[in-house]
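Asks: Quick one, structure for this:
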Amino acid sequence: MPHGSALAAARWRASVVPRNIEAVSAPPELLELRVAIDDVDKKILDLIRERVDLVVTVGNIKRHREMEVYDPARERALLERLGGLASSPLDAGTVRRIFERVVDECRRIEQRHVDQSAAAPKDHVDRET
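Replies: Below is the predicted model:
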């Protein structure tokens, strides 16, 4: 069940949000829950964006230190740790699969950023005096 204040906010938004055809036929409590889910999804998206920003910064450090983007031991440890944090109704396997996808996509973005940064022209220009 959603947190009380989140559900109260969802109820209010559900009462003022224009309803589409599906929403008109849905029971009000279902609409409220859908609005609350939409709110949670937005928060998850914001957190993923924050994670990607951090990953890009890590990629910059790795590039400057000539380190590989992919660190399989780090990823295995991360997925094990997160799987261990699972609580019902989530299980460790579900949490690992969700984060495998998040980590895969973050690594893809990090690699692309590192590759683009390495290919970019240098900011300095040598000048003769």
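Asks: Under the pLDDT cut-off, which ranges of this protein? List them.
Replies: Flagging of the chain using pLDDT under 70 yields the residue ranges 1-4, 10-24, 122-129.
Asks: can you rerun that using 50?
Replies: Counting by pLDDT under 50, the low-confidence segments of the chain come to 1, 125-129.
Asks: all helices for the protein, in order.
Replies: With DSSP state H, the ranges of helices along the chain come out as 4-16, 21-25, 28-64, 72-84, 92-119.
Asks: Make JSON lines from the ones you listed and add mean neighbour count to it.
Replies: Heads up, the C-betas are built off the backbone N, CA and C, glycines and all. As requested, these are arranged in JSON lines below (neighbours: other C-beta atoms under 10 Å):
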{"stretch": "helix 4-16", "mean neighbour count": "14"}
{"stretch": "helix 21-25", "mean neighbour count": "10"}
{"stretch": "helix 28-64", "mean neighbour count": "14"}
{"stretch": "helix 72-84", "mean neighbour count": "12"}
{"stretch": "helix 92-119", "mean neighbour count": "14"}
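Asks: show me the contacts for Leu79.
Replies: Taking C-beta atoms under 8 Å, 6 or more residues apart in numbering as the definition of contact, the neighbours of Leu79 are 96, 99-100, 103.
Asks: would you list these in a markdown table and tack on distance to Ile61?
Replies: Formatted as a markdown table, the entries for the contacts of Leu79 read as follows, by distance: C-beta to C-beta, whole Å:
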| residue | distance to Ile61 |
| --- | --- |
| Arg96 | 26 |
| Phe99 | 22 |
| Glu100 | 23 |
| Val103 | 18 |
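Asks: Leu31: which of these is nearest?
Replies: Closest to Leu31 out of the contacts of Leu79 is Phe99 (30.5 Å), distances taken as C-beta to C-beta.
Asks: Report the contact partners of the closest one.
Replies: With contact set as C-beta under 8 Å, 6+ apart, Phe99 has these partners: 78-79, 82.
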